[in-house]
Structure formats: structure tokens, C-alpha cells
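J.: Predicted coordinates and the sequence they were generated for:
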Amino acid sequence: MAHQAEAIARRAEPRLLIEAPTGGGKTWTGALPLLEEVPRGEGAVFVYPTNALADDQIESLVAMTRASGRKIAAVRPDGSLDGDSGADVMVWRLHSGELDAAESALGGRTRGATLGRVLERLPAKPLWLVTNPDTAYLLMTARFSNAAQHWSRLGLCRSLIMDEFHLYRGPTLVRAVVLIELAVAILGIWKVRVLSATLSDGTRRMFEQRLGFGRISAEPSAEGRVVQHEIRFETQTGDATSGMVERTMSWLPSLRAEACAPVGTPLVVLRQSVLAATHLEDSLVESGVDRDEIGVYRGLSSRAIRSMDGKALVIGTSALEVGVDFRTPRLIFEATTSTAFAQRLGRVARHEPGLALFFTDPRVASLVERLGSNASRLDLDRAIRDALPSDDDLAAFALSPWGNLLAGAVLDSLLARGRALGGGAKFEGSIEAARARLAGLFSGAEAAKVDSKILEQFKKNACFRNAHGSVEVFDVREKERRGSADLASFDVDLPTFFRRANWAADADTNARPVVLAWTKPKKLHLALTSRTAGLGLNAPRPEQIELRIDGAATAWEVLLTQQPHVVGLFPKELRAQLSWREVIFESADGRIALLDDDALVGQFLSKGTKPS
């Protein structure tokens, strides 16, 4: 395609931003030029925002390599290869679980030592690392710098490919940019490729004007391969669960017949929340669908059950809407933003014409119906952009003093870790080189001035996702659904656990929580016992944080206080400026409370570009 050809023609440029619609071959656009580097021994690092997407894209990279006439093999945890004999390139799906498996196979007192043992066993061939931002952060820092052979081997990875970039927002957008500069400074990356289908104007301008990226944009064409096939688009209002059950049951004989033919997934359903997806699954089983016929791709479940193979239908949430490539003729979905709508609609008609059924409110349905049956895909996109809000990626935050503060905290944290691990002068120089390159991003915006205790808290938690933490739970209902205790354990983020879990009354805080059910949201109240707590950012000691759930104390408060947090206290009027992504705690005095990154976003929205 034209944009892929342009990427090859511009392969020597150090920085490219590549935009193409869902199904437009972004992965191939970023990776095709790398095949020319294989004979020269050069490898690459691919970073995907979710593990599910990284797992899926392995298959795409393998198919692309073989289509080019080259051989490829996957790296096993013990350093052996699985794939084509005499492979020209190796691909390694690197994540924390893979390193744990490698440690079991090869030993090693640290993950850095384990990584070194795997690398030592690999032949001198180009290596493609496929990973997530968290592991990439570890890879780019001094955690693995205690063995020189790591860097000599990884130094041959000359390109960095970052896909689905629109998922980075506000603080994670800042960290993603820091990650790019760390890769350049530490790994010696020569070429950076940023790929996205639905990038915002603010982020696009930031990359072009502040970070020196050239741009390649796919445009519709009257000739060539069809990227987006014709869609029969319908809307439906009313109760979504009952409507979805009714439509699915009417298709069930066809879905079952198609499931027997290995050509794709007969039906994909994308729901707005995990509880809605679970409710739909249970409702379908009550209506006569066998649970084994339903593929599940959502949170609050074991990763072991996520499968599409041989399923009559797959029910998913946002975990399934991004990048995972599957073939389906039917899509049922919900979406509350125009960005989510574009991503979800892009799941159907990638390989042949299809049907999309959109459950929405009467206002949006009426706007769409006015288009008529002959409307084009572009007409539909415009109508949805007018009808639904867009996702705010907070690009302005990334360019603000608060973004500068966060970037500095991340670099300072990594510098401290490097010194503790004996990274040496070379590593410290690399960190400072990354800091110097980031100066152009924050031109004209000095770092916000905050209390030293607050800054230290951000430094302590300066991993890629500065989240509120998570906990492993045992879900009684999931055991009943799956018929196996092994499939009833999974990790859940703490706010979701606190807000939605009903746990056993005799809670043992030394054991994992036993969840009896997931319910409608409960109110979370957070208070600070410190007398100095005031509006804005606070850095309390863990024991100064008090959590109440529906007004009652909880034994599981200890989970929140296991690590230090920055707490932001703000007037309740700020709630209107926050999105669904920020976790809002009520405060006993009528204010609202936000934690960590959310607190920094709250401070930015309440103060704008003015430091506190």
C-alpha cells in the first residue's frame, strides 16, 4: 500500500509517525523496512501497550517475515529456538513471566543475570524483542546493566517500534516519550517508529513540532487492496443485554455451523464494562448457549480462559478493541466516545463485508439513521464525532510544568536505581543525555515546584504505570462458571477491588481475598489524618491514609497503604473536568481525593500551567 511504500522509501529517517486506519497494516508498515536490515545483523524492539496485543502481533511478525522469503524462530525461556531451521531472525516475546520461566530453566539470582544467560545462548542473528512498556522500562534501565554482554547483544537492536500509541494519555504519554529517549540514549536506538490509528491533534503536533518526527499518513484510494470492506450498519436502543441476547440467539445455528470451520470468529461482542460482559455471558448460558461455546476476553478473569479458537462467539471489553487481529463477519458493540467507536468498528470487515450492530441511546441512533443506507464510512465517522465526545489524551499535560515534573521524577528515579546497581558513569551519562533531549519537549515550561516530600513519592513510584496497585483474588463465581479452581484466580487493580468486590466476611489479610461476587459500585471515602493536609498535592505517610467503603472501615485498607501515595485533595467542582479513567474518592469534608498520577492530573486541571 502507498503508506507502506512511503515508509520503505523513508526508512533512513530517524523518527517517523505513521498513521493508518484500523486494518491498514500499521504493523507491517513499521516492520517491513526492518527486513532489509536483517542481513546486516540489526534487530529491533517492539513495544505494545498491552500484553494481549503483544501476544497477537507475534503471529503477524512471523507471517510477514515468512512472506518475505526469510526464516524466523521464537526464543524459548531456556534460550533455545522454536521455528524455522536456520532462521534468519529471532523473535522473543519478553515479559516478566518469560523472565521467571527463564530463571527456572537457567537460574540466575536476578532478572538481569537471567536475561544475560538467555542472551549468551542465542546465535549471532538479528533479534526482535516484543514487549510491553513496563518490561521495556526495565530493559532500558540499569536493572539489567550489571553485565556488559547485555548491552553488546542488545545494542544490535537499532529500531524502536511503538504501536497503538493513542492508548498513552497524560502521565503515561509522558512516560512513553521518556521511554523513547531512554531507548535512544541507552540502547543506541537509531530509528523510532510511532504507529497509531486514532491519534489526537495535540499529540500529533507534539511529535511533529517538539520531538522532530516526520509523518506518514494513509489516505483512501480508489485502487489497490481493500482495507475496510463494506459494512451493513445498524443501531439499536433499549436494554443492551436483552437486545444482544435476542440477536445472538437468532443467529445461533449459523454461529455454531461457522465455528466448526476454521475461518475466524463468527461473532464478536464488545461491551462497555467487565460486569456488563459477565452479565451477557451468564444471560446467554441461561438462554441455552453452552459456556464452552463462548470465548471470554475481559478483566476479572484468568488469562488462561482468553481464547477465540473454535468459539461460536467471543465477548470482550476494551482489552479486545485494540489491535488484536481476528476475522469476523458480525460485530455487536457499545461505545461512549468517538475514539472507542472508531477502534471497535474497525474490528469488523477487515477481511470481507460484515454486519455491525451498535447499541446506543436514542439521540445518537437518530443522528446515525438520518444518514441513510447509502452513507459512506467517512460520513458515519463524521456523524459519530459530532454525536460522541472524543477521548482527551491530555497532550497539554505532557507539555506542561506538571509533565516536566513527572519526566524529571522518572529520570531521577532511574538514575538512583542505576547507581544502586552499579550502572557506572556510562549509564549516568545516558540518563543525562535523555534528559537533555527531553528539554526540547518542555521548552518554555519549567518543572512545577512542589514540596520535596511529594517529589520523593513520585520518584519512589516512577515505574511505567504509576498505578494504585493490584491484588490477586480468588473469585468464587468464576470457579462455578469455569468448573475449575485453577481458573478462578487473577489480579485486579485495587480501586476496582475496593469499589466492586463483595468478599468473605472473615477476611484474612495475610491471605489473598476471596471474592463472592462483583457488584454495583460502592462509594470510596478517603481521608487524611495529617493536620497539614490541604487543597492540592499531599504526601502523607501510609498510616495517615484512612479508607472507608460505603462509610465502613475495611480490613483490606492495608492493601492501599502498603506503598506510599501522593494524595490530591480538590474541590468537588473539579469532578466535571475529570474522565472515567481517573479514580475519584470522596472526602469526608466534601472535597474529592485523587491518588498518584490521578492527583497530578487533578493538579494540572485545577492549576493549569501555574506551578503550586
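T.: That came through, no problem.
J.: what about the residue of the chain most remote from its centre, helix or strand, and which?
T.: Ranked by distance from the centre of the chain (Cα atoms, centre = their mean), the top residue is residue 531, with 38.1 Å. Using DSSP states H and E, no element contains residue 531; it sits outside every helix and strand.
J.: repeat for residue 405
T.: Residue 405 belongs to helix 401-420 when assigned by DSSP H and E.
J.: which parts of that helix are buried?
T.: 401-415, 417-418 (16 or more other Cβ atoms under 10 Å). In short, each C-beta sits where N, CA and C put it, glycine included.
J.: Mind checking what helix or strand follows that helix in sequence?
T.: Counting by DSSP H and E, what follows helix 401-420 is helix 424-438.
J.: Provide the contact partners of that following helix at residue level.
T.: By Cβ atoms under 8 Å, 6 or more residues apart in numbering, the surrounding residues in contact with helix 424-438 are 142, 145, 177-178, 181-182, 184-186, 407-408, 411, 414-415, 418-419.
J.: mind running it again at 7 Å?
T.: 142, 145, 178, 181-182, 184-186, 407, 411, 414-415, 418 (Cβ atoms under 7 Å, 6 or more residues apart in numbering).
J.: Over to stretch 592-611?
T.: Residues outside stretch 592-611 that contact it (Cβ under 7 Å, 6+ apart): 170-171, 394, 397, 400-402, 406, 445, 448-449, 461, 466, 468, 526, 536-537, 565-570, 572, 574-575, 577, 582-587, 612.
J.: Any regions of the stretch 301-450 of the chain where pLDDT drops low?
T.: 323-325 (pLDDT under 70).
J.: is it true that residue 194 lies in a strand?
T.: Yes - judged by DSSP: H, G, I helix; E, B strand; the rest coil, residue 194 forms part of a strand.
J.: what's the next secondary structure element after the helix or strand bottoming out on mean pLDDT in the chain?
T.: Scoring the helices and strands of the chain by mean pLDDT, DSSP states H and E places helix 148-154 at the bottom, with a mean of 66. Under the assignment DSSP H and E, the closest C-terminal helix or strand after helix 148-154 is strand 157-162.
J.: quick one: contacts of that next one?
T.: By Cβ under 7 Å, 6+ apart, the residues outside strand 157-162 that reach it are 30-31, 34, 37, 42-47, 127, 129, 176, 180, 183, 187, 189-195.
J.: From the residues you listed, which land in helices?
T.: Among the contacts of strand 157-162, the ones falling in helices (DSSP state H) are 30-31, 34, 176, 180.
J.: Format those as a markdown table; extra columns: pLDDT and neighbour count.
T.: Output for the ones in helices among the contacts of strand 157-162, formatted as a markdown table (pLDDT from 0 to 100; neighbours: other Cβ atoms under 10 Å):
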| residue | pLDDT | neighbour count |
| --- | --- | --- |
| 30 | 87 | 25 |
| 31 | 88 | 26 |
| 34 | 91 | 24 |
| 176 | 94 | 22 |
| 180 | 95 | 24 |
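J.: wait, which of those is closest to residue 504?
T.: Nearest to residue 504, judged by Cβ to Cβ, of these is residue 176 at 39.5 Å.
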